[in-house]
Each structure stands twice: as C-alpha cells, then as structure tokens.
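1. Starting from these lines, generate the structure:
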Amino acid sequence: MLEQTLVILKPDAYARSLTGEIIARFERCGLRLEQIRISRGEHAIIEDHYPRDDEWLTGVGGKTLADYERLGISAKEKIGTDDAAEIGRTVRRWLVDFLGSGPLVPMVLSGNRAIETVRKLVGNTLPVAAAPGTIRGDYSSDSADLANDQSRPVRNLIHASGDPEEAAREIKLWFPGLA
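-> Next comes the predicted model:
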C-alpha cells in the first residue's frame, strides 16, 4: 500500500548534524523523499502541530502521570496538579517550546506502508527503550524520568506521523502546497 507520511527532525537532531544520516536510513529502506525544507521560527505551525483536544491532552498527561507514579514522584508537587488533562497541557507547552527552540527539518516520505516503515525505523518514542538499530536507539538515550525531572519533553530526535489521518493533517499543515 503506497502512502505518504510526515517526519520532522527536531532541534536536537539538527543541532547534532544527524539530518543526512537519518535521511539516508529512510532512503536505504526504499522510502522516497518527496518534500523537505528547513523550518525556523514558524511558531504558528508548531502551535498547530500538537492537538489541543481533551482526549489527546488526557492521554499525554496520563502517560506523564504514570511515569511520575512509577518513579514515586508527586505530580502535584512537581507540576502543581495531578489532573491528567492539565498535565497534558503542560507537556504540550513543553513540546511546542522545544520544537520552537531551533531549526527543524520537516519532510514528506512516501513508499509502501511508509507510516509503519518509518515508525519501525524510528523506534520507541522513549529513546532509552528504543531497540539498537533504530534511529532513537542508536542516537539518543533520553528518558521520561529525566525529562520530567527537568520539566521538559523527551528529546527523541524525530517526529513521525502515527496513522494515515495524522499524516494527512500534518502534511497539509507543514506543506500546504501538497494538499
């Protein structure tokens, strides 16, 4: 099944000059680079990139809350709340701030089952849990506990669309001429 997906190399990947290496890994797997650019200071797009709906915010906040509980940290003391949606809003702000902190490289990749293939190559969202041989497993070791302790998002180098609907929405946002 031929499809397109959006990938964004985040400021940590750009700062470490991993752009060429990461693109080469996608191309070696048979994916085709359809669009690419360097993005700087596009705060309106970054703000729209992350959803604002309660379901998404509660899901993100719930993961963070679970991390805190697993580590024996009081979310109420650390963030000021133990409400999953409120924590999700905080994490969303951290994510938006991080994406706006430096250059990004958004790109559109296409190929057979491109979304699934990219996500497999990228690895687990938490680099410390990503398998060796994946992009995150090879180039990052950040973890949720360190990120939460430092009140920031996990620095995981790359964003990859999770499903066809998300890919379509994100491609339209970052490359409106393709829509």
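2. May I have the distance across stretch 111-127, first residue to last?
-> 25 Å (CA to CA, to the nearest Å).
3. can you check stretch 145-162 too?
-> 23 Å.
4. Could you pull up the mean pLDDT of stretch 32-43?
-> Confidence for stretch 32-43, expressed as mean pLDDT, is 96.
5. Any buried residues in that stretch, and which?
-> 34, 35, 39, 42 (16 or more other CB atoms under 10 Å). C-betas here are computed from N, CA, C, even on glycine.
6. Got the confidence number for the residue of the chain positioned farthest from its centre?
-> Distance to the chain centre peaks in the chain at residue 77, reaching 26.7 Å (criterion: CA atoms, centre = their mean). Looking at residue 77, its pLDDT reads 86.
7. Quickly note the distance from it to residue 36.
-> 43 Å (CB to CB, to the nearest Å).
8. and if you look at residue 45?
-> 15 Å.
9. tell me the centre residue of the chain?
-> A centroid search over the chain (CA atoms, centre = their mean) returns residue 159, at 3.2 Å, as the residue closest to the centre.
10. Wait, a strand at it?
-> Yes - according to DSSP: H, G, I helix; E, B strand; the rest coil, residue 159 belongs to a strand.
11. so who does it touch?
-> With contacts defined as CB atoms under 8 Å, 6 or more residues apart in numbering, the neighbours of residue 159 are 6, 7, 8, 10.
12. Could you say which helix or strand holds residue 3?
-> Per DSSP states H and E, residue 3 falls inside strand 2-9.
13. what's the following helix or strand after that strand?
-> According to DSSP H and E, the helix or strand after strand 2-9 is helix 11-15.
14. for the record, mean pLDDT for that next one?
-> pLDDT averaged over helix 11-15 gives 97.
15. so what's residue 33 up against?
-> 23, 26, 27, 107, 108, 109.
16. Show me those that map onto strands.
-> Using DSSP state E to define strands, the subset of the contacts of residue 33 located there is 107, 108, 109.
17. Would you mind naming the residues that bridge with the second one?
-> Put plainly, it is residue 108. Under DSSP bridges, the beta-bridge partners of residue 108 are residue 6, residue 35.
18. show me what contacts it?
-> 4, 5, 6, 7, 33, 34, 35, 36, 171, 175, 178.
19. 7 Å instead?
-> 4, 6, 34, 35, 171, 175, 178 (CB atoms under 7 Å, 6 or more residues apart in numbering).
20. With the first one instead?
-> Residues touching residue 107, when contacts are defined by CB under 7 Å, 6+ apart, comprise 7, 33, 35, 36.
21. Now do the strands in this structure.
-> Per DSSP E, the chain carries strands over the ranges 2-9, 32-36, 105-112, 158-160.
22. List the residue ranges of this structure that fall below the pLDDT cut-off.
-> 179 (pLDDT under 70).
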